[in-house]
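> Test case, fold it:
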Amino acid sequence: MTTWIENGLKNQYIQKYPYDRFQNIEYNGQSGGEGRFSLVASAEWSDTNRKVALKKLKNYDVDKFVSEVRMHSTGHSSKNIVRFLGLTNEKESVSYIMVLEYADRNNLRTFLQKGKNLGWSDKVRLSLDIAKGLSYLHLLNIAHRDLHSNNVVINQVHGCNQPEYIAKITDFGSAINMDEDNNDVNGVIGQIPFTDPKYLDDHKNYRKDLRSDIYSLGVMFWEISSCKVPFGNFMPESRGDFRDLCLAFEIIISTYRERIVPRTPQQFADLYQRCWDGEPSERPNIKTVIEELDTISNIISVTLSNSLNQTKTIGQ
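Numbers count the residues shown, from 1 in each chain. Sure thing, here's the model as predicted:
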């Protein structure tokens with residue numbers, strides 16, 4: 001599969017940059033982090049005077065790396081997918097490193113925990129961003145299959161009077177094109193709270209697909225609504241594999257789900273509850289999700305406008 005990368009470099013639809021153009025590389029920086037299979041660093045790119053993210057695999061597997069690069073490079077036309085900028089590699093190393101767009105407000109989970117005063121218009125806007133990024137993938141029949149709040153990053157939109165933020169999907173290490181006869185890329189279940197119950201129940205035979213992404217999306221919407229970690233209060237005295245096993249059992253057998261947070265708009269709660277339905281065929285497709293989020297956004301805008309008008313009238 002390295003031939004695909006070499007052809008991309010030769011034909012210049014993949015760019016390769018000298019490693020020494022990247023300065024102040026920090027693996028514990030704001031956008032730095034560690035996943036199951038990768039390390040992500042922040043770096044200053046001297047060619048452009050801007051920050052980028054550098055992502056490398058812990059155990060370099062050519063097939064996994066090429067698969068992720070191929071999936072990442074499909075997202076150039078969506079503002080809600082982290083941009084793939086090209087490749088680099090350290091001196092005398094044959095292992096490539098991905099150069100990606102930098103997220104200046106970290107991942108969604110960290111952002112939510114720091115920004116608990118987010119209003120509902122912001123929460124629905126972020127939900128729409130994620131749904132639109134996922135829609136772009138689903139139109140190409142690509143399933144992300146590892147969608148959770150650490151795999152969505154936040155950028156601040158600069159030049160606005162009020163702080164505005166945009167959410168972008170990243171990390172395509174598990175993504176596959178459903179038109180291709182692929183096995184699971186990494187063979188790992190993933191984060192239990194966001195994983196399709198059908199897959200939890202029979203991960204050896206059930207293949208995650210577009211509907212699995214919708215389940216994950218529903219759980220993420222709940223996290224956005226609450227600014228809390230899903231199932232954070234489940235068996236708090238336990239950690240690790242035992243807790244995950246117990247949680248998976250409750251999700252599969254008891255259809256255990258998080259409770260609606262007070263003051264959540266009913267239409268939003270109804271939507272995410274349908275998204276995390278245990279039966280995949282009952283979940284809405286991404287087109288329906290976006291349509292309903294648009295409706296919810298409009299209702300919130302009208303409500304806020306009416307509230308402001310009433311406040312002005314009282315003040316006169």
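
> how about low-confidence regions in the stretch 201-316 of the chain?
304-316 (pLDDT under 70).

> Walking through it, point out its helices one by one.
For the stretch 201-316 of the chain, applying DSSP state H, counting those that start in this stretch gives helices covering 210-226, 240-253, 266-275, 286-315.

> now the third one, how far from the chain's geometric center?
Think helix 266-275. Averaging C-alpha positions (Cα atoms, centre = their mean, to the nearest Å) puts helix 266-275 19 Å from its chain's average.

> center of the chain - which residue?
Nearest to the mean C-alpha position of the chain, counting by Cα atoms, centre = their mean, stands Val152 at 3.0 Å.

> pLDDT at that one, what is it?
Per-residue pLDDT puts Val152 at 98.

> Would you check that it makes contact with Ile166?
No - counting by Cβ atoms under 8 Å, Val152 sits too far from Ile166 to count as a contact (10.6 Å). C-betas here are computed from N, CA, C, even on glycine.

> Please, where are all the strands along the stretch 51-200 of the chain?
Remark: strands assigned in the stretch 51-200 of the chain by DSSP state E, counting those that start in this stretch are 84-88, 97-101, 142-143, 152-157, 164-169, 176-177.

> Those: which one's closest to Ile214?
Among the strands of the stretch 51-200 of the chain, the nearest to Ile214 by Cβ to Cβ is strand 142-143 (10.0 Å).

> which residues make contact with the closest one from outside it?
71, 74, 137, 175-178, 208-210, 212-213 (Cβ atoms under 8 Å, 6 or more residues apart in numbering).

> Give the rounded mean pLDDT of that strand.
On average, strand 142-143 scores 96.

> Mind listing the strands it pairs with, and their directions?
As defined by DSSP bridges, the strand partners of strand 142-143 come to strand 176-177 (antiparallel).

> Distance from the strand it pairs with to the middle of the chain?
Using Cα atoms, centre = their mean, the offset of strand 176-177 from its chain centre is 16 Å.

> So for stretch 139-155, what gets flagged as buried?
Within stretch 139-155, the residues scored as buried using 16 or more other Cβ atoms under 10 Å are 142-155.

> no wait, stretch 169-180
In stretch 169-180, counting by 16+ other Cβ under 10 Å, buried: 169-178.
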